[in-house]
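Asks: Pasting the sequence and the predicted model now:
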Amino acid sequence: MGQGMKILFLITGLGGGGAEKVVIDLADEMFKKGHQVKIAYLKGEVIVRPKNKEIELVYLGLESFSNIFQCFKNYKKIIESYQPDVVHSHMVHANIFARISRNFIKMKRLICSAHSNNEGGRLRMLAYRLTHQLSEITTNVSIDAALNFEKLNAVPKGKILTIYNGIDLTRFDKRDANESLRSELGLDIHTRIFLAVGRFHDAKDYPNLLNAFAIFKATNFFKENNSKLIIAGDGELRDEVESLIRKLGIQSEVILLGRREDIPVLLNSVDYFVLSSKYEGLPTVVIEAMACEVFVISTDCGGSKEIMGATGMLVPVQNSPVLAAAFAKVVTLKNSEIIMNNKIARKRVEEQFSLNSSVSNWLKIYES
C-alpha cells in the first residue's frame, strides 16, 4: 500500500475515555505521515476530537437499536464513497458492527481492536467468537487482555495480537510541580495528594478506592501525613460515589473535581496517582502518570503490571485493606526512593509506550 493510504477509524463513540483519546492521537499521527484519515463514530456526543481540523468526523447515528438500519446505510455510504484501504474499528460495539456489516459491504481490510480484558458478558464474547473470521486481524491492548479474550473464548487460541497503545509523551513531560491545583483547592505544600482519574463506572471500582482511603484515614500514617484524595471524573455512578463518601465519613478528605481536560496539569500537581479498577485493558492514564514522573499505586487489573514493570506499587483487585496498606507504605518512603522510582518509570514509558512506537506498529499491520 505504501505512502498515502486511506484509513477509516470506526469507534463506538468519542466520549472522554482512554480508548477514544488513543484513536484521536492515532488519527492525528497517521494524517501527519501523509495518509488520508476519517473517523466514523456510532453514537454519543463528541468530547474528544483530533487536533487536525482536516480529519472529518462522521456521525453514524446508532443511539438505539431501532436506528440500526439507518446507521448501516450511513456506514455503507462512507465505505462506498471513501473506499478506505483499511477500516480500523475500536471497542466492542464498533467491532461487532464492522464485522457483521462486512457480510453486506465490500472492503479491503478490517482490523478490530478491543481495549479491555473485559468488554462485556457472555453474549458479547460469543458475538466476537462468531464474527471472528470477518476481520483480518483482531488485537487487544495488553498481553493480559489478549490472553483473557482467549480464555473467554472470544477468539481462537493464538489468533489475537497484542499492540500496546502509545501516548504523545510531549503532552505528559514532567514539569516543575504545578501549584495551581493546590491554590485552587486551598491545600498547603505539606498535604500529600493522591489523584484518581476516570469516569464513574463499575469497572473503575471507586468503592474499593473509597473504602481503602477510609481504612487509611484510621491509621497513624494518615495522622502523621495530612492526605487528600482527589478524583477527576464523572459518570452514571456519581450519586453512588457521593453517597459512599458520606457513609464512610470522608467528606473532608475526598475532593471530587468532576470532568477535567487538564490531566497533565493535575498529574504535575500531585504526589501519587492511584488506579483502583476491577478490570482494564491497558490503562492509558497509568502511562500518563509515569510519563509525568508521578508515583503509581495500581490494582493488578489488566495491563497495569505490563506498563509498570518493577516500578510503583501493584496490589490485588477488590482488596481495600491491601490498597490502604499501600497508601500507608507510600507516605513513609524516602523522597530519594520516590524520585528514583519515578525516573525509572518515565524511562520505561519512553521505551515501550510512546505514540511513535505505537504508530509504527500499526503501520506495519496496515501494510502487511
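Replies: Cool, the structure landed.
Asks: where exactly do the strands run in this protein?
Replies: 6-11, 36-41, 56-59, 86-90, 110-113, 137-140, 161-162, 192-197, 227-232, 254-258, 272-275, 295-299, 313-315 (DSSP state E).
Asks: What mean pLDDT does the fourth one get?
Replies: Going back to what we said before, that points to strand 86-90. For strand 86-90, mean pLDDT rounds to 98.
Asks: same deal with the third one?
Replies: Over the span of strand 56-59, the pLDDT mean works out to 98.
Asks: how about that strand: buried residues?
Replies: The neighbour-count check on strand 56-59 (16 or more other C-beta atoms under 10 Å) flags 58-59 as buried. For every residue, glycine as well, the C-beta is placed using N, CA and C.
Asks: neighbouring contacts of that strand?
Replies: Contact with strand 56-59 is made by 14, 38-41, 46, 49-50, 74, 78, as judged by C-beta atoms under 8 Å, 6 or more residues apart in numbering.
Asks: coming back round to it: which one of the strands of the chain lies nearest to Leu333?
Replies: Closest of these to Leu333 is strand 295-299, at 7.9 Å (criterion: C-beta to C-beta).
Asks: What is the neighbour count of Glu224?
Replies: When counting by other C-beta atoms under 10 Å, one arrives at 10 neighbours for Glu224.
Asks: do Arg259 as well
Replies: Neighbour number of Arg259 under other C-beta under 10 Å is 11.
Asks: Can we start the residue count at 446 from this point?
Replies: Sure, I'll start counting at 446 from here, so that last one is Arg704.
Asks: Could I get the pLDDT score of it?
Replies: Arg704 is given a pLDDT of 91.
Asks: can you tell me how far it sits from Thr584?
Replies: According to C-beta to C-beta, to the nearest Å, Arg704 stands 29 Å off from Thr584.
Asks: again, but for Val468
Replies: 13 Å.
Asks: Counting neighbours, go ahead and name the busier of the two.
Replies: Val468 (26 against 23).
Asks: before we move on, back to that, Ser511 is nearest to which of the strands of the chain?
Replies: strand 501-504 (16.5 Å).
Asks: could you dump stretch 572-584 to CSV, C-alpha only?
Replies: C-alpha atoms of stretch 572-584 as CSV (Å, rounded to 0.1, in the frame of the first residue of the first chain):
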residue,chain,number,x,y,z
ALA,A,572,-20.5,-12.3,19.2
TYR,A,573,-16.8,-11.8,19.0
ARG,A,574,-16.3,-15.5,18.5
LEU,A,575,-19.0,-16.0,15.9
THR,A,576,-17.8,-13.0,13.8
HIS,A,577,-14.0,-13.6,14.2
GLN,A,578,-13.4,-14.7,10.6
LEU,A,579,-14.9,-11.4,9.3
SER,A,580,-11.8,-9.3,10.2
GLU,A,581,-8.3,-9.9,9.0
ILE,A,582,-6.8,-9.2,12.4
THR,A,583,-8.1,-8.9,16.0
THR,A,584,-5.9,-7.1,18.5
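Asks: Run through who's touching that stretch.
Replies: Against stretch 572-584 from outside (C-beta under 8 Å, 6+ apart): 534, 537, 540-541, 543-545, 547-548, 554-559, 564, 591, 594, 598-601, 604-608, 810.
Asks: For that stretch, which residues meet the burial criterion?
Replies: 572-573, 576-577, 579-580, 582-584.
Asks: okay if I get the strands of the chain as JSON lines plus distance to Ile783?
Replies: Converted to JSON lines, those look like this (distance: least, C-beta to C-beta, whole Å):
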{"stretch": "strand 451-456", "distance to Ile783": "37"}
{"stretch": "strand 481-486", "distance to Ile783": "39"}
{"stretch": "strand 501-504", "distance to Ile783": "41"}
{"stretch": "strand 531-535", "distance to Ile783": "35"}
{"stretch": "strand 555-558", "distance to Ile783": "35"}
{"stretch": "strand 582-585", "distance to Ile783": "32"}
{"stretch": "strand 606-607", "distance to Ile783": "30"}
{"stretch": "strand 637-642", "distance to Ile783": "11"}
{"stretch": "strand 672-677", "distance to Ile783": "15"}
{"stretch": "strand 699-703", "distance to Ile783": "22"}
{"stretch": "strand 717-720", "distance to Ile783": "9"}
{"stretch": "strand 740-744", "distance to Ile783": "5"}
{"stretch": "strand 758-760", "distance to Ile783": "11"}
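Asks: Lys779: which of these is closest?
Replies: It's strand 740-744; of the strands of the chain, that one is closest to Lys779 (C-beta to C-beta) at 12.0 Å.
Asks: pLDDT below threshold where in the stretch 696-813 of the chain?
Replies: Applying pLDDT under 70 to the stretch 696-813 of the chain flags no residue at all.
Asks: and if we set it to 90?
Replies: For the stretch 696-813 of the chain, the stretches with pLDDT under 90 are 706, 725-727, 747-748, 813.
Asks: can you pull out the helices in it?
Replies: 708-712, 729-736, 749-753, 765-775, 780-797, 800-812 (DSSP state H, counting those that start in this stretch).
Asks: next one: the stretch 496-645 of the chain
Replies: 513-527, 537-546, 567-576, 588-596, 625-630.
Asks: buried ones in the fourth one?
Replies: Across helix 588-596, burial judged by 16+ other C-beta under 10 Å covers 588-591, 593-594.
Asks: send the alpha carbons of it over as CSV?
Replies: Extracted in CSV, the C-alpha atoms of helix 588-596 (Å, rounded to 0.1, in the frame of the first residue of the first chain):
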residue,chain,number,x,y,z
ILE,A,588,-0.9,-9.4,26.8
ASP,A,589,-3.1,-9.9,29.8
ALA,A,590,-6.2,-8.7,27.9
ALA,A,591,-5.4,-10.8,24.9
LEU,A,592,-5.0,-14.0,27.0
ASN,A,593,-8.3,-13.2,28.7
PHE,A,594,-10.1,-13.0,25.4
GLU,A,595,-8.7,-16.4,24.6
LYS,A,596,-9.8,-17.7,28.0
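Asks: With that, I have no additional questions.
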